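Trainee: Provided below for reference: sequence and predicted model.
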Amino acid sequence: MKIEVTIYGERRERRVSFPAEWVICDECRGEGKSSAYLGAYTMDEMDEAGPEFEEDYFAGRYDRTCECCKGSGKLKVIDYDRVRGRLQEAYLRAYQEQEREERAYQRICAAERRMGA
Ligand SMILES: [Zn+2]
């Protein structure tokens, strides 16, 4: 199994495929859906919300499709152990670097949204 990614080089974009494996989605623990968007409830809040809400909540009636895995419960990720050869390793480093920058960028965006930008 392969996973295809795009590496945005200085001169051109490159489609590269790496060996891939499936992992259970961390966000929903493989369920494909979760009520995590509601946040966590304390017992006091549950008492206030009432027994009907509590029942629905635990029955999963508030669950939404997991955005992370789109409901499949699993994610295709690069199988690092099977990346072989200097070229593939160079691509992998470039891709990891790109992902780090992307995540840093998204953190900045999220922080700005919180501050109302
Ligand atoms: Zn998920």
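Mentor: Received it, and whenever you're ready, just let me know what you need.

Trainee: near the ion, which residues of the protein?
Mentor: Residues of the chain found near the ion (Cβ under 5 Å from the ion) are 25, 27-28, 66, 68-69. Where you see a C-beta, it was placed from the backbone N, CA and C, and this is true even at glycine.

Trainee: just the buried residues from those residues, in PyMOL please.
Mentor: In PyMOL, a selection of the buried entries from the residues of the chain next to the ion looks like this (16 or more other Cβ atoms under 10 Å):
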select buried, resi 25+27+28+66+68+69
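
Trainee: in contact with the residue nearest to residue 83 when sequence neighbours are not counted, which residues?
Mentor: Once flanking residues are discounted, residue 83 sits nearest to residue 92: 5.3 Å by Cβ to Cβ, 6 or more residues apart in numbering. Residue 92 sits next to 18, 78, 80, 83 when contact means Cβ atoms under 8 Å, 6 or more residues apart in numbering.

Trainee: which of the helices or strands spans residue 92?
Mentor: Here residue 92, judged by DSSP states H and E, is contained in helix 86-114.

Trainee: now the strands: where do they sit in the protein?
Mentor: Under the criterion DSSP state E, the chain carries strands at the ranges 2-8, 13-24, 33-34, 64-65, 74-78.
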